[in-house]
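J.: Mind looking at a prediction? Sequence and model below.
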There are 2 protein chains.
Amino acid sequence: MKEYRVAVVGATGMVGQAMREILEERGFPVSGLRLLASQRSRGRRFAFRGDEVEVEVLDEDSFRGIDLALFSAGAPIAKRFAPIAVEAGALVVDNSSAFRMDEGIPLVVPEVNPQDAFAHSGIIANPNCSTIQMVVVLKPLHDRSPIRRVIVSTYQSVSGTGKDAVEELEAQTREAQEGREPVARVYPHPIAFNCVPHIDVFLPGGYTREEMKMVGETRKIMGLPDLPVSATAVRVPVFTGHSESVNVEFAEAIEADEARNILQGAPGVEVVDDPENAVYPLALDAAGKDPCFVGRIRPDTSCPRALNLWIVSDNLRKGAALNAVQIAELVSGL
Amino acid sequence: MKEYRVAVVGATGMVGQAMREILEERGFPVSGLRLLASQRSRGRRFAFRGDEVEVEVLDEDSFRGIDLALFSAGAPIAKRFAPIAVEAGALVVDNSSAFRMDEGIPLVVPEVNPQDAFAHSGIIANPNCSTIQMVVVLKPLHDRSPIRRVIVSTYQSVSGTGKDAVEELEAQTREAQEGREPVARVYPHPIAFNCVPHIDVFLPGGYTREEMKMVGETRKIMGLPDLPVSATAVRVPVFTGHSESVNVEFAEAIEADEARNILQGAPGVEVVDDPENAVYPLALDAAGKDPCFVGRIRPDTSCPRALNLWIVSDNLRKGAALNAVQIAELVSGL
């Protein structure tokens, strides 16, 4: 079997670390691993298959001999270094928003649009976390009855922002418990014991970039450039696991039972839906797991052709690192 | 000015205490206050206008001489004692779900359907917290262009459940910080650092009673018995303040700016909507305040006749105790 020399760019971040762990967990055929990060992290060491790998500083020579570069270092780094990695002969899977909406660049969720991955010119974009978990669940339903409209409200965890945000939620939680004023640095307002309807920056028109990512990326991944999508993205005091309340309207009604059956057989989906026994997806349960969990599947009381769904997944895994590794597996024919 | 002998039933609960405080804050003309609760709370004392009032045990004689009885003691207590209070000559404003959907009983939000209050036969029902804050905002928009459909996802705080739930969130937060397994007693799952899509009990059809309250009560209060409403009710780790992501479709489009103008002049509403400066309603800011705060007012990207709104209010005040006192003020002509 072919083996791959793999680089992880942004290797010390939460997603970068999950990428390294998932490469190992899934037995990805790595013949050599290069962990790349900024000067600040030089010399840190991480375990990989029983060995220790030292973090190197990302520079223009970092990609020599690399076959696969998994980027999770933000859009500016991706814009600068992904073309260098491609030039050096690597396939780049980039988790930032840098290339997602570029016309020539595939935006891929392997369960949804695997065929798109093969049309790459060296770079494949990994979608936004909140989009991935939604389209994994929507696609098999769309194959049964075309989707006409999606209205989603999210409940997003702080690990989606990164380590600083995780530490901020921990610190603010302690501050609140001790009766002190919580200090907000990462977010514009305290996130402990609060809900903040503001993820990424606001764009003209009153939507955040996170919300418009859910609109644009869902359309691109599902190949439905005119699909009506409306999103409200909200940060909640949860460490890991994004939850989503999704209202989806179909061309023809799908019964809740039929939707449940379709989803039970769908790749990457796990149905967790026995409300009478208090069984439904929960962020705390999803953290550390791979599937997109879906439950609360029920007919919309306001529209006979719509269903309501509650979708939960680990934003660091399927929402980021796992999906990136799955893209690499797909393109490598693994 | 006429003065009223007032009883608060369930006086030691979170809403009961807020009722007492709000009666004092608003200068409601109380000539005598009776605080009623179960045997367990007998003898507890609470301040009221500089005096101390001792809690008495609720029984069949509790309402002698009472003009106004504010109930916040759950449906079984309301069903048993509200008729006794009415018989004794009191006006009952009941915060439980006992009578809300009864045909002869008005369900009132003073900013929305004040006229309904006067058709009472002794009992007026106070709506569910998540319904109140939504209809206060929807009504002035409906007066401009009739509402055709509402899709709401809630982010509800634990104080809506009561003191036990507040203590549970505090305890679980400490347990999680100390690396211990959180113990769930009040809720079926841990609420600390989690989102639980389960409020009140599940009904046949897959909706919770909380969700169906939002459907039925919204229709009754707005006088629109066929209004299509769809709700997903979610408990979040917030102490006080319910947030709601509301998608509302109108007969004819309302521009976001016009909606903002309408809402700026609407009773009980405060517009908090300057997203570019990170200004929008937040549960932490709403706690302890009276208005229904609305922001993130923007055109729905999936339907030209719809708007998205973010509505936040203190569930103990406007969502419960304040609305009950306002009903009493309305009917008393204050």
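T.: On my side now, so go ahead. Numbering: from 1, shown residues only, chains lettered A, B, ... in the order given.

J.: near chain B, which residues of the stretch 101-250 of chain A show up?
T.: A:149-151, A:153, A:155, A:170, A:173-174, A:177, A:188-190, A:193-198, A:202, A:205-208, A:212, A:215, A:228-232, A:234, A:236-239, A:243, A:245, A:247 (Cβ under 8 Å from any Cβ of the partner chain). C-beta coordinates here come from the backbone N, C-alpha and C atoms, glycine included.

J.: Show me just the buried residues among these.
T.: Buried members of these, scored by 16 or more other Cβ atoms under 10 Å in any protein chain shown, are A:149-151, A:153, A:155, A:173, A:189-190, A:193-198, A:202, A:206-208, A:212, A:215, A:228-232, A:234, A:236-239, A:243, A:245, A:247.

J.: Among these, which are located in strands?
T.: A:149-151, A:153, A:155, A:229-232, A:243, A:245, A:247 (DSSP state E).

J.: the domain parsing of chain A - what is it?
T.: A:4-127+A:320-332, A:131-314 (automatic domain parsing).

J.: mind putting these in a markdown table, mean pLDDT included?
T.: Converted to a markdown table, these look like this (pLDDT from 0 to 100):
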| stretch | mean pLDDT |
| --- | --- |
| domain A:4-127+A:320-332 | 97 |
| domain A:131-314 | 98 |
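
J.: possible to save those as JSON lines with distance to B:Ser130?
T.: Listed next are those as JSON lines, based on distance: least, Cβ to Cβ, whole Å:
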{"stretch": "domain A:4-127+A:320-332", "distance to B:Ser130": "32"}
{"stretch": "domain A:131-314", "distance to B:Ser130": "14"}
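
J.: By proximity to chain B, which residue of the stretch 1-150 of chain A wins?
T.: With Cβ to the nearest Cβ, the shortest gap between the stretch 1-150 of chain A and chain B falls at A:Arg149, namely 5.2 Å.

J.: In the sheet, which residues pair with that residue? Tell me.
T.: Residues in a beta bridge with A:Arg149, per DSSP bridges, are A:Glu249.

J.: which residues touch it?
T.: Each residue near A:Arg149 by Cβ atoms under 8 Å, 6 or more residues apart in numbering or on different chains is listed here: A:227-230, A:248-249, A:306, B:302-303.

J.: A:Asp67 too?
T.: A:4-6, A:89-91.

J.: Now a ChimeraX select for only the buried ones of the residues you listed.
T.: Here is the ChimeraX selection string for the buried members of the contacts of A:Asp67, based on 16+ other Cβ under 10 Å:
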select /A:4,5,6,90,91
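
J.: I'd like to know which of the contacts of A:Asp67 is nearest to A:Ser159.
T.: A:Ser159 lies nearest to A:Val6 out of the contacts of A:Asp67, by Cβ to Cβ, at 23.0 Å.

J.: Helices of chain A, residue ranges please.
T.: Assigned by DSSP state H, chain A shows helices spanning A:14-25, A:75-87, A:114-117, A:129-144, A:163-177, A:209-222, A:256-264, A:283-286, A:322-332.

J.: Now find how far off-centre stretch A:293-303 is within its chain.
T.: Relative to its chain's centre, stretch A:293-303 lies at 23 Å (Cα atoms, centre = their mean, to the nearest Å).

J.: That stretch near chain B anywhere?
T.: Yes. Contact of stretch A:293-303 with chain B is found when judged by Cβ under 8 Å from any Cβ, involving A:295-303.

J.: I'd like those residues written out as TSV, with distance to B:Gly43 and neighbour count added.
T.: Output for these, formatted as TSV (distance: Cβ to Cβ, whole Å; neighbours: other Cβ atoms under 10 Å in any protein chain shown):
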residue	distance to B:Gly43	neighbour count
A:Gly295	46	23
A:Arg296	45	26
A:Ile297	50	27
A:Arg298	47	21
A:Pro299	51	20
A:Asp300	51	21
A:Thr301	47	19
A:Ser302	49	22
A:Cys303	54	19
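
J.: Is it possible to get JSON lines of the helices of chain A that adds distance to B:Ala73?
T.: What follows is the helices of chain A, written out as JSON lines (distance: least, Cβ to Cβ, whole Å):
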{"stretch": "helix A:14-25", "distance to B:Ala73": "47"}
{"stretch": "helix A:75-87", "distance to B:Ala73": "55"}
{"stretch": "helix A:114-117", "distance to B:Ala73": "58"}
{"stretch": "helix A:129-144", "distance to B:Ala73": "41"}
{"stretch": "helix A:163-177", "distance to B:Ala73": "30"}
{"stretch": "helix A:209-222", "distance to B:Ala73": "42"}
{"stretch": "helix A:256-264", "distance to B:Ala73": "36"}
{"stretch": "helix A:283-286", "distance to B:Ala73": "33"}
{"stretch": "helix A:322-332", "distance to B:Ala73": "50"}
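
J.: what residues are up against A:Ile262?
T.: A:140-141, A:144, A:254.

J.: that older thread, now the contacts of A:Arg149 as CSV including distance to A:Leu70?
T.: What follows is these, written out as CSV (distance: Cβ to Cβ, whole Å):
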residue, distance to A:Leu70
A:Leu227, 29
A:Pro228, 33
A:Val229, 28
A:Ser230, 32
A:Val248, 31
A:Glu249, 36
A:Ala306, 37
B:Ser302, 33
B:Cys303, 38
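
J.: Which of those sits closest to B:Ile132?
T.: A:Ser230 (24.6 Å).

J.: tell me the contacts of the closest one?
T.: Counting by Cβ under 8 Å, 6+ apart, A:Ser230 has contacts A:149-152, A:215, B:247, B:300-303, B:306, B:308.

J.: again, only this time at 7 Å
T.: Each residue near A:Ser230 by Cβ atoms under 7 Å, 6 or more residues apart in numbering or on different chains is listed here: A:151, B:247, B:300-302, B:308.

J.: which non-adjacent residue is nearest it?
T.: B:Ser302 (3.9 Å; Cβ to Cβ, 6 or more residues apart in numbering or on different chains).

J.: For B:Asn247, see how far away the one you found is.
T.: Plainly put, B:Ser302 is 8 Å away from B:Asn247 if you go by Cβ to Cβ, to the nearest Å.

J.: which residues do these two both contact?
T.: A:151, A:230.

J.: Run a quick neighbour tally on A:Ala11.
T.: The local packing of A:Ala11 (other Cβ atoms under 10 Å in any protein chain shown) involves 26 other residues.

J.: before we move on, the earlier item: adding distance to A:Val325, write the residues of stretch A:293-303 next to chain B out as a markdown table.
T.: Putting the residues of stretch A:293-303 next to chain B into a markdown table (distance: Cβ to Cβ, whole Å) gives the following:
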| residue | distance to A:Val325 |
| --- | --- |
| A:Gly295 | 26 |
| A:Arg296 | 29 |
| A:Ile297 | 29 |
| A:Arg298 | 34 |
| A:Pro299 | 36 |
| A:Asp300 | 35 |
| A:Thr301 | 40 |
| A:Ser302 | 39 |
| A:Cys303 | 38 |
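
J.: Next step: those residues restricted to strands.
T.: A:295-299.

J.: Now the two most distant members of the residues you listed.
T.: Once Cβ to Cβ is applied, those give A:Gly295 and A:Pro299 as the farthest pair, at 14.5 Å.

J.: coming back round to it: filter the contacts of A:Ile262 down to the buried ones and hand me the PyMOL line.
T.: Here is the PyMOL command that selects the buried residues among these (16+ other Cβ under 10 Å):
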select buried, chain A and resi 140+141+254
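
J.: farthest-separated two in the contacts of A:Ile262?
T.: A:Pro140 and A:Ile254 (10.5 Å).

J.: mind checking how far stretch A:280-297 is from the chain centre?
T.: Worked out by Cα atoms, centre = their mean, stretch A:280-297 lies 14 Å from the chain centre.

J.: List the contacts of that stretch.
T.: A:133, A:136-137, A:157, A:238, A:240-241, A:243, A:256, A:259-260, A:263, A:268-273, A:275, A:307-314, A:317-318, A:322, B:189-190, B:193-198, B:206.

J.: Spell out which residues sit in contact with A:Gly74, please.
T.: A:Ser96.

J.: And for A:Asp314?
T.: Contacts of A:Asp314 (Cβ under 7 Å, 6+ apart): A:240-241, A:286-289.
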